[in-house]
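> what follows is a protein structure lacking sequence information:
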Ligand SMILES: O=C(O)c1[nH]c(=O)[nH]c(=O)c1I
């Protein structure tokens with residue numbers, strides 16, 4: 001039994017990695033994921049300059065998941081480019097993911113130019129879905145802007161690149177986004193980012209639990225799995241087959257991974273549960289997924305990927 005996968009033209013010995021934002025802020029965290037059972041890692045979304053992010057507390061874990069309004073704290077794209085370029089030397093043949101996000105098209109292009117000028121040989125994940133920068137709308141909900149960004153990006157960048165999308169909640173939006181995405185040579189779509197601007201309340205103190213944005217923040221964890229599975233499957237149904245899907249959202253067990261793959265995912269990313277359990281989670285997830293595959297008689301993930309049945 002193998003949980004190996006191929007994504008963006010690279011082979012991975014299993015189909016699990018961290019979600020951007022979790023266990024990927026600095027070299028210690030990235031090395032912890034590297035040295036775990038995860039197949040690879042993605043960096044925290046890098047911006048042109050380092051950012052402190054929003055005031056704390058800005059992350060809170062609840063019984064069913066998490067709420068965050070980090071505000072894009074990161075060490076700057078150069079830090080992550082340097083780290084991954086060095087890591088590639090230490091692990092020849094491994095493919096890593098670099099997440100980037102600009103605050104406008106010019107910045108996205110400047111970030112990609114830096115990638116082009118570097119020794120980075122992995123996959124770029126363009127984050128179009130940060131919900132927590134005060135005053136900045138979610139790019140992923142502005143369809144014309146997504147179209148314009150992808151057109152400009154693929155005019156200049158010709159190496160493997162995927163986009164991280166926010167969750168959509170309307171069938172027509174799945175149709176409209178897929179129509180845009182299908183126009184471009186994307187390696188993959190990563191769906192979903194956190195469900196933006198949720199609210200969690202401490203009843204004892206009658207207070208919100210995070211400081212930024214009066215407590216409004218992106219929701220992750222068990223809360224979001226039904227939305228994540230729907231987004232993965234909706235894009236699987238609509239995208240041309242050379243645009244693969246990374247499934248992110250609500251993964252806590254091997255069963256959750258099985259469901260994401262059944263919906264069409266070729267790779268999965270773990271966020272909240274990784275934050276809770278640490279990189280050792282990938283050992284449990286691998287064992288659980290392999291046990292499910294064994295029970296069902298599947299040798300590899302292609303035996304069941306995308307094969308969700310309808311009634
Ligand atoms: O607040 C953040 O840093 C953040 N938080 C999220 O939940 N998703 C994102 O893409 C980002 I860039």
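All right, it came through fine. These numbers were taken from a predicted model, which means no experiment stands behind them.
> now for residue 212, how many residues are close by?
For residue 212, the count of nearby residues is 21 (other Cβ atoms under 10 Å). C-betas here are computed from N, CA, C, even on glycine.
> surely it is in contact with residue 134?
Yes - between residue 212 and residue 134 a contact is recorded at 7.2 Å, counting by Cβ atoms under 8 Å.
> show me what contacts the nearest residue to residue 118 once chain neighbours are set aside?
Using Cβ to Cβ, 6 or more residues apart in numbering and skipping residues adjacent in sequence, the residue nearest residue 118 is residue 81, 4.5 Å away. Neighbouring residues of residue 81 by Cβ atoms under 8 Å, 6 or more residues apart in numbering: 46, 98, 114-115, 118, 120.
> residue 4 too?
Residue 4 is in contact with 11-15, 300-301, counting by Cβ under 8 Å, 6+ apart.
> how does it look with 6 Å?
The neighbourhood of residue 4, defined by Cβ atoms under 6 Å, 6 or more residues apart in numbering, consists of residue 13.
> now the one 3 residues further on
Each residue near residue 7 by Cβ under 6 Å, 6+ apart is listed here: 244, 266-267.
> of the residues you listed - the most surrounded one?
Using other Cβ under 10 Å as the contact criterion, the top neighbour count among these goes to residue 267, which has 28 neighbours.
> quick check: bridge partners of it?
Beta-bridge pairing for residue 267 (DSSP bridges): residue 246.
> per-residue confidence averaged over the biggest helix by length in the chain?
Ordering each helix of the chain by length in residues (DSSP state H) puts helix 281-296 first. For helix 281-296, the mean pLDDT works out to 98.
> and if you look at stretch 110-118?
Predicted confidence along stretch 110-118 averages 98 (mean pLDDT).
> buried residues in stretch 66-79?
Using 16 or more other Cβ atoms under 10 Å as the test for burial, stretch 66-79 gives 66-75, 77, 79.
> next: stretch 304-311.
In stretch 304-311, residues buried by neighbour count (16+ other Cβ under 10 Å) are 304-306, 308.
> in CSV, list these along with pLDDT.
Putting the buried residues of stretch 304-311 into CSV (pLDDT from 0 to 100) gives the following:
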residue, pLDDT
304, 98
305, 98
306, 98
308, 98
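> run through the buried residues of stretch 66-79 and flag the ones next to the ligand.
With Cβ under 6 Å from any ligand atom as the criterion, the subset of the buried residues of stretch 66-79 in contact with the ligand comprises 68-72.
> would you mind listing what in the stretch 151-300 of the chain touches the ligand?
Counting by Cβ under 6 Å from any ligand atom, the residues of the stretch 151-300 of the chain near the ligand are 193-194, 218.
> quick one: which of the residues you listed is most hemmed in?
Going through those with other Cβ under 10 Å as the criterion, the one with the most neighbours is residue 194, at 30 neighbours.
> so who does the nearest residue to that residue once chain neighbours are set aside touch?
Take residue 194 and drop its neighbours on the chain: the residue closest to it by Cβ to Cβ, 6+ apart is residue 218, 2.9 Å away. Under the criterion of Cβ under 6 Å, 6+ apart, the neighbours of residue 218 are 68, 131, 194, 196.
> same check, this time on residue 88
Remark: with contacts taken as Cβ under 6 Å, 6+ apart, residue 88 is in contact with residue 121.
> which SSE is immediately downstream of the helix or strand hosting it?
Assigned by DSSP states H and E, residue 88 belongs to helix 77-90. Downstream of helix 77-90, the first helix or strand assigned by DSSP H and E is strand 97-100.
> same for that next one, what does it pack against?
Contacts of strand 97-100 with other secondary structure elements, assessed using 3 or more Cβ pairs under 6 Å, 6 or more residues apart in numbering; DSSP states H and E, are made with helix 77-90, strand 123-127.
> buried set for the next helix or strand after the shortest one?
Past strand 123-127, further along toward the C-terminus, the next helix or strand under DSSP H and E is helix 143-156. Applying a neighbour-count criterion of 16+ other Cβ under 10 Å, the buried positions in helix 143-156 are 146-147, 149-150, 153.
> likewise for stretch 118-135?
Applying a neighbour-count criterion of 16+ other Cβ under 10 Å, one finds 118, 120, 122-133 buried in stretch 118-135.
> for the ligand, tell me whether it is touching it.
Yes - with Cβ under 6 Å from any ligand atom as the criterion, the ligand is reached by stretch 118-135 at 127, 129-132.
> okay, how far is it across that stretch, tip to tip?
Using Cα to Cα, to the nearest Å, the span of stretch 118-135 from its first residue to its last is 31 Å.
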